[in-house]
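Undergrad: please find the sequence and the predicted model below.
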Amino acid sequence: MKLYLAAAVLMLVLAVHTEAQEEPTLEQQFAKFQTQVKEIADDLTEKTKTTFEQLEKSEFAIKTKNWFTEQYEKVKQKMAETFN
């Protein structure tokens, strides 16, 4: 009878020990969290870069840039005429 009880307790201890080993340690959880944050940051960086490239090539941005360039040239020309 004691042999069966000892075997049952031994199996229970082995089962608990095996389950405890499967749980990630705090260090492993932090490493996983760090990896996830890095992936999110990389994804966000790529999306932001793509958005700015699309915005820079948009018709509105090009027209606005040309308008400011024209206005700058007009002011520059007026300044040259006035102070010459």
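TA: Now that the structure is in, tell me what you want to look at. Quick caveat, the model's predicted, so the values are computed rather than measured.
Undergrad: these two touch, right, Ala61 and Gln54?
TA: No - between Ala61 and Gln54 there is no contact under C-beta atoms under 8 Å: 9.4 Å. C-beta: built from backbone N, CA, C; applies to glycine.
Undergrad: average pLDDT for the one helix or strand Gln36 maps to?
TA: When secondary structure is defined using DSSP states H and E, the element that contains Gln36 is helix 26-56. In this model, helix 26-56 has a mean pLDDT of 93.
Undergrad: helices or strands up against that helix?
TA: Other helices and strands packing on helix 26-56, by 3 or more C-beta pairs under 8 Å, 6 or more residues apart in numbering; DSSP states H and E, are absent; none qualifies.
Undergrad: now the element after it, going C-ward?
TA: Note on helix 26-56: by DSSP H and E, the next helix or strand toward the C-terminus is helix 59-82.
Undergrad: how far does that next one sit from its chain's centre?
TA: The gap between the average C-alpha position of helix 59-82 and the chain average comes to 38 Å, counting by C-alpha atoms, centre = their mean, to the nearest Å.
Undergrad: and the contacts of that helix?
TA: With contact meaning C-beta atoms under 8 Å, 6 or more residues apart in numbering, helix 59-82 is reached by Leu55.
Undergrad: adjust the sequence numbering to begin at 27 for everything that follows.
TA: Sure, I'll start counting at 27 from here, so that last one is helix 85-108.
Undergrad: now for Asp69, how many residues are close by?
TA: For Asp69, the count of nearby residues is 10 (other C-beta atoms under 10 Å).
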